[in-house]
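Novice: attaching a predicted model along with its sequence, questions to come.
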Protein chains: 2
Amino acid sequence: MRQVNVPLGTRRYSIHVGQQLLPQLGTRCLKLKLGARCAVISDTNVARLHGAAALASLRAAGFSPVLIPLPAGEQAKSLAHAQRCYRALAAHRLERGSFIVALGGGVVGDLAGFVAATYLRGMDFVQVPTTLLAQVDSSVGGKVGVNLPEGKNLVGAFHQPRGVFCDLDTLQTLPAREYRAGLAEVIKYGIIADAALFARLERDMDQLLQKHPATLETVVARCCAIKAGVVARDEREGGLRAILNFGHTIGHGLEAISGYGKYLHGEAISIGQVAAARLSQSLAGLPEREVMRIETLFARAGLPTKVKLGAAQERRLLNAMKLDKKVSGGEIHFVLAPRMGRATCGHRVPEPTVRAALNGEAA
Amino acid sequence: MRQVNVPLGTRRYSIHVGQQLLPQLGTRCLKLKLGARCAVISDTNVARLHGAAALASLRAAGFSPVLIPLPAGEQAKSLAHAQRCYRALAAHRLERGSFIVALGGGVVGDLAGFVAATYLRGMDFVQVPTTLLAQVDSSVGGKVGVNLPEGKNLVGAFHQPRGVFCDLDTLQTLPAREYRAGLAEVIKYGIIADAALFARLERDMDQLLQKHPATLETVVARCCAIKAGVVARDEREGGLRAILNFGHTIGHGLEAISGYGKYLHGEAISIGQVAAARLSQSLAGLPEREVMRIETLFARAGLPTKVKLGAAQERRLLNAMKLDKKVSGGEIHFVLAPRMGRATCGHRVPEPTVRAALNGEAA
């Protein structure tokens, strides 16, 4: 088991990465001195696989947990489902001193975290991410929220969890497509912050695809440490934190115009990152061979690297990107990588250059 | 014009109390260095009376405002209406640097503030309260939120405005019943924090009922200063701030069981405060003559001081009170006044004593 600290003063917490963590959930929550009552928010798929273990562990440690199941899929990340959770919390008489356990992937974590941020004006929550994407990204850093029909994560808050428990065993039952989608965020950390991690991923991609436990523990903990470092320096996205959005402006746009269903988030940002790498070649000096390494690694992870769009779809995508939260003064700002292992934000990119990158060209 | 400062460090702001403030809204927002785009969230009644003045003032100062009207009444304070606001903000391309103007009473301020707290994970907003209740209470202090069918304000956040502009002229068009409801919060400040204010209200109640501008300015500014002082010492309701809830536990319960429509908030807390005064007599030593002064002053303000409940309604009220946010370990905690001008929190009150106070007895 590895432990990564997120040093945020009074809001500091630890990320635990290892095997057999779910059976220890109750005792670990006891150490955090959380209230007696809690609600485990999960989706029906994850609840079937891991709900009983989570509830049993919490009960054995003396907590009174109640399970709130959501339908599986991105559609659950809506205000309507948040409202269902609030009403269930009210029905179960949760109090300000109670806490919420987010048991599931990014959708569950973001929604449950938003519910925790806003029910009774804020209560404690812990993250128990059960997908690779949630373990290396969404469960860490306190960004929580729901989608609108107009765009992803347009409604939300910054609300740090009290603890994050990444049980690598839960990845063994993850469908192959979802697991690969998580690798898109893993590869991102190599591109934006750690050239050695990128090289390691090139070397160990086969082991990773086979979910080799020791490799997973090292890689997941390294990704969490990179994210924790960024979040610690810029909790509320004043600047630096935006580098984590490498590939996300295009990725979010793709998810929005396809109705949050066609692409998994990891697939959309895989396409987005390859396009961002091309933009980085055109505008920030990233050598072409690095663009090739990036495209090759995403492809080896079984992820899509391009998208074919008609003119009307391309227009819709550019409009959707303008709704992204990283817009200011109507201009789209991109995160670019001037070299492997380094990213910088705030690049204004002209629309024709974005279009060319989407079409696989370095304009 | 009087100015009251709310000293909250990086979140500090000023409350302006005076006549002719709405025509100055634009220039005052300029001084706050707010973004160019803004949305004025209001209800249809207030928008008809003051919407044009607000928009004209903002436009004259160079802002690009859009009006988002809500239906009038407590029903608007729901997640469904928050969602309508979010979608309107997305349609109008508001950005993180944009801001929201809450133009209206407590319902508008709480809802618009919640929308500002959560859209794009938080944006600036200013309060332009147009009811007495909103001017002396809900617009100050950063508590924002919406109701659930299970209870009032169960969903929300702490999100401080960048400025509060109390234009006393807007009170002249306020319906008599709503104006009197606001006096319930005014009287509360006398009871919990300022015996001299209470005595002044006894002396000047007739002038207040006639909306005498100079009296209003003094009284509204004094109430804001009391609230600002409490909020500055306890922004997130760790303890002290709870004294502002004097009369509110019963008041919120009454609003909940009557479906948020029968009583105005000020009417419900008028009944709640008279009951809390009786509890204060039974349990905290408040002299009976002070209970009489309190009941008399609420009655002179034209407010209800008692409620007749059947046994089933009483049961529902007690259950609703247990859903209140100030519950811990299943026990209802009350704010009581040991003497005029002073309040203390955290009093556990047995159910029979609550019942007796509701029935007009000091048990």
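Specialist: Alright, I've got the coordinates.
Novice: so A:Ala343 sits in a helix?
Specialist: No - secondary structure of A:Ala343, determined by DSSP: H, G, I helix; E, B strand; the rest coil: strand, with no helix assignment.
Novice: my guess is it contacts A:Gly190, does it?
Specialist: No - using CB atoms under 8 Å, A:Ala343 makes no contact with A:Gly190, being 10.9 Å away. (Glycine included, C-beta is placed from N, CA and C.)
Novice: any low-confidence regions in the stretch 51-200 of chain A?
Specialist: Residues of the stretch 51-200 of chain A meeting the criterion pLDDT under 70: none.
Novice: what residues does it put near chain B?
Specialist: Contact residues, the stretch 51-200 of chain A versus chain B (CB under 8 Å from any CB of the partner chain): A:79, A:82-83, A:86-87, A:90-91, A:93, A:95-97, A:117-122, A:143, A:145, A:148-151, A:154-158.
Novice: residues contacting the residue nearest the centre of chain A?
Specialist: Taking CA atoms, centre = their mean, the centroid of chain A lies closest to A:Ser138, which sits 2.9 Å from it. If a contact means CB atoms under 8 Å, 6 or more residues apart in numbering or on different chains, then A:Ser138 has A:105-106, A:109-110, A:129 as its contacts.
Novice: start to end distance for stretch A:18-27?
Specialist: From its first residue to its last, stretch A:18-27 covers 16 Å (CA to CA, to the nearest Å).
Novice: which SS state does A:Phe165 fall under?
Specialist: Three-state assignment for A:Phe165 (three-state DSSP): strand.
Novice: show me what contacts the residue of chain A positioned farthest from its centre?
Specialist: What lies farthest from the middle of chain A is A:Gly62; by CA atoms, centre = their mean that is 30.9 Å. By CB under 8 Å, 6+ apart, the contact set of A:Gly62 is A:26, A:30, A:36.
Novice: give me the phi and psi for it.
Specialist: Backbone torsions of A:Gly62, given as degrees, to the nearest 10, read phi 100, psi 0.
Novice: swap in A:Cys38?
Specialist: Main-chain torsions, A:Cys38, degrees, to the nearest 10: phi -150, psi 160.
Novice: and for A:Glu255?
Specialist: With angles defined as degrees, to the nearest 10, A:Glu255 sits at phi -60, psi -40.
Novice: residue contacts, it?
Specialist: A:74, A:152, A:263, A:265, A:268.
Novice: hmm, try it at 7 Å
Specialist: A:152, A:263, A:265, A:268 (CB atoms under 7 Å, 6 or more residues apart in numbering or on different chains).
Novice: mind checking pLDDT for it?
Specialist: With respect to pLDDT, A:Glu255 has a value of 87.
Novice: quick check: closest non-adjacent residue to it.
Specialist: Once flanking residues are discounted, A:Glu255 sits nearest to A:Ala268: 4.8 Å by CB to CB, 6 or more residues apart in numbering or on different chains.
Novice: now do stretch A:39-51: everything it contacts.
Specialist: Residues outside stretch A:39-51 that contact it (CB under 7 Å, 6+ apart) are A:22, A:54-55, A:65-72, A:76, A:85, A:88-89, A:92, A:94, A:100-104, A:108, A:112, A:115, A:130, A:170, A:173.
Novice: what about whichever residue of the stretch 101-250 of chain A sits closest to chain B, neighbour count?
Specialist: At 3.7 Å from chain B, A:Glu150 is the closest residue in the stretch 101-250 of chain A, using CB to the nearest CB. The tally of other residues near A:Glu150 (other CB atoms under 10 Å in any protein chain shown) stands at 15.
Novice: now do the contacts for it.
Specialist: Neighbouring residues of A:Glu150 by CB under 7 Å, 6+ apart: A:323, B:87, B:90.
Novice: name the element A:Leu34 belongs to?
Specialist: For A:Leu34, there is no helix or strand it lies in under DSSP states H and E.
Novice: got a list of what it touches?
Specialist: With contact set as CB under 7 Å, 6+ apart, A:Leu34 has these partners: A:99, A:124, A:162.
Novice: now the angle from the strand or helix carrying A:Gln3 to strand A:163-167?
Specialist: Taking DSSP H and E as the criterion, A:Gln3 maps to strand A:2-6. With axes from the mean of the first three to the mean of the last three CA atoms, to 10 degrees defining the directions, strand A:2-6 sits at 150 degrees from strand A:163-167.
Novice: between whichever helix or strand comes after strand A:2-6 and strand A:2-6, how many degrees?
Specialist: Sequence-wise, the next helix or strand downstream of strand A:2-6 (DSSP H and E) is strand A:13-18. Angle, strand A:13-18 to strand A:2-6, by the same axes, to 10 degrees: 160 degrees.
Novice: contacts for strand A:13-18, please.
Specialist: With CB under 7 Å, 6+ apart as the test, strand A:13-18 has contacts from A:1-6, A:140, A:160-166, A:168, A:217, A:220-221, A:224, A:228.
Novice: now that strand: average pLDDT?
Specialist: Here strand A:13-18 scores 98 as its mean pLDDT.
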